[in-house]
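*Asks:* could you look at this predicted model? Sequence included:
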Amino acid sequence: MALQSMKHMQTFCTVVEYGGFVGAQATLGMSQPAISTHIRDFEIRLGFQLCERGRGGFRLTEKGEVVYRRCREILNSLSDFEAELGELRDTLTGTLRIGLIDNTVTNPDLPVQEAIHRFYARKNEVTIQLVILPPEDLERELLSDNLHVAIGHFHSQHKNLSYRHLCEEQHQFYCGHRHPLFTTADEEVTLETLGHHALSTRTYLQQADLRETGEIHQAASVSNMEAQAILIASGRFLGFLPTHYAKQWVERGEMRSFDHLGLSWTSKFTLAMRQSPSPRHIVEAFVKDLETSLRRSDKGK
């Protein structure tokens, strides 16, 4: 009976995290009718409805939201317990839960993919969960123990988390090729000129980009870097992007930066973890592999 309850919890959490039955099918390896049966049986066992499903889409009930949080805590605790047992057997096992901000894969100074490669060169039986979230969500998921480590820009640091500097990221000011300033000569583009055009900013930067631009009219805000790139590429907005990320459009002649105005700034990438309890062995191993990858990256410059 306990095993059946665990199966129900796993199915329920997967459905919630994939936003419905369709998205959860591949991960669970189950058909939609089978998933529906699991959810219905779980609801019968609990004595109340967990979610609404139908033409209006999938949505948790108020009680369903509470149950989801508790089920996720239980499943995470079991995963961590499995990791502890693995440590007793001198084996890396369990689930490693990593959070990362969006569009860092082109950043040569943040070799997360190299660290993962190194980690899996170790003898282990670890399952990895890698999620992409805004910085404020990464911190919240760390505090809820849904993540072991998070990597991103953290402007206001939480007292229950520890932070470790990893590297820096350079940002420059861009416009797309459809923008009226794209073909304007440098000497004709001034800060005053920019003030007549609309600016897009990333909300999670807490206006760090606005401090560089002065009086430019902020007409749009976005929650991630891809959305920022889309607005700039539309030709209707100016804005900052990391140089490594914008490079692909610059090289194709689809974006330009205004280097002559000195509109650039540097953000810091930080590794965040909970201060207590002590990190699991699998977490320590990954952090060590990340630090090794960073040192190799520095030597290659």
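*Replies:* Structure received.
*Asks:* output the lowest mean pLDDT helix or strand found in the chain.
*Replies:* Least confident helix or strand of the chain, by mean pLDDT, DSSP states H and E, is helix 210-213 with a mean of 57.
*Asks:* thought I98 was touching F286, still the case?
*Replies:* Yes: F286 is in contact with I98 according to CB atoms under 8 Å; the separation is 7.3 Å. Any C-beta I mention is one placed from the backbone N, CA and C, and that applies to glycine too.
*Asks:* list residues touching both of the two?
*Replies:* Common contact partners of F286 and I98 (CB atoms under 8 Å, 6 or more residues apart in numbering): 148-149.
*Asks:* residue ranges with poor pLDDT in the stretch 51-200 of the chain?
*Replies:* For the stretch 51-200 of the chain, the stretches with pLDDT under 70 are 83-90.
*Asks:* and the longest strand for this protein?
*Replies:* The strand that spans the most residues within the chain, counting by DSSP state E, is strand 161-176.
*Asks:* and the helix or strand following that one, what does it pack against?
*Replies:* Once strand 161-176 ends, the next helix or strand along the chain (criterion: DSSP states H and E) is helix 191-194. Here helix 191-194 touches no other helix or strand, going by 3 or more CB pairs under 8 Å, 6 or more residues apart in numbering; DSSP states H and E.
*Asks:* begin at 30 from here
*Replies:* Will do, 30 is the new start, and the previous item becomes helix 220-223.
*Asks:* report the buried residues of helix 220-223.
*Replies:* By neighbour count on 16 or more other CB atoms under 10 Å, the buried set for helix 220-223 is L223.
*Asks:* which stretches of the stretch 180-329 of the chain form strands?
*Replies:* For the stretch 180-329 of the chain, strands defined by DSSP state E, counting those that start in this stretch occupy the ranges 190-205, 227-231, 246-251, 268-271, 284-286, 293-303.
*Asks:* so of the ones you listed, which one's packed in deepest?
*Replies:* Of all those, strand 268-271 has the most neighbours on average by mean count of other CB atoms under 10 Å, namely a mean of 24.
*Asks:* and that strand, what does it pack onto?
*Replies:* In this structure, strand 268-271 makes packing contacts with strand 190-205, strand 227-231, helix 254-262, judged by 3+ CB pairs under 8 Å, 6+ apart.
*Asks:* out of those, which is closest to V279?
*Replies:* Closest approach to V279 among those (CB to CB): strand 190-205, 7.9 Å.
*Asks:* coming back round to it: more neighbours, F315 and I127?
*Replies:* Set F315 next to I127 and count neighbours by other CB atoms under 10 Å: F315 wins out with 25 against 21.
*Asks:* which residues touch that one?
*Replies:* By CB under 8 Å, 6+ apart, the contact list for F315 reads 125, 127, 144-145, 148, 177-178.
*Asks:* taking those one by one, which sit in strands?
*Replies:* The members of the contacts of F315 that map onto strands under DSSP E are 125, 127, 178.
*Asks:* what's the closest of the residues you listed to G268?
*Replies:* Closest approach between the ones in strands among the contacts of F315 and G268, by CB to CB: I127, at 28.0 Å.
*Asks:* pretty sure the closest one is touching G181, no?
*Replies:* No: I127 sits out of contact with G181 when judged by CB under 8 Å, with a separation of 11.1 Å.
*Asks:* how far away is L159 from L167?
*Replies:* Note on L159: its distance to L167, by CB to CB, to the nearest Å, is 12 Å.
*Asks:* need the overlap of contacts for those two.
*Replies:* Shared contacts of L159 and L167, defined by CB under 8 Å, 6+ apart, comprise 128-129.
*Asks:* what about L300, distance to N136?
*Replies:* Per CB to CB, L300 is found 14 Å from N136.
*Asks:* same question for T66.
*Replies:* Separation of T66 from N136 (CB to CB): 45 Å.
*Asks:* looking at those two, which one has more neighbours?
*Replies:* Comparing T66 with N136 by other CB under 10 Å, the one with more neighbours is N136, at 18 against 13.
*Asks:* find the nearest non-adjacent residue to the more buried one, please.
*Replies:* Leaving aside its chain neighbours, N136 sits nearest to H273 (4.9 Å; criterion: CB to CB, 6 or more residues apart in numbering).
*Asks:* over to I180?
*Replies:* Distances taken as CB to CB, 6+ apart place L129 nearest to I180, at 5.1 Å, with adjacent residues excluded.
*Asks:* so what's V178 bridging to?
*Replies:* Beta-bridge pairing of V178 under DSSP bridges involves I127, M302.
*Asks:* and the longest helix along the chain, what does it pack onto?
*Replies:* Looking across the chain with DSSP state H, the single longest helix is helix 91-117. Helices and strands touching helix 91-117, by 3+ CB pairs under 8 Å, 6+ apart, are helix 31-46, strand 121-129, helix 310-328.
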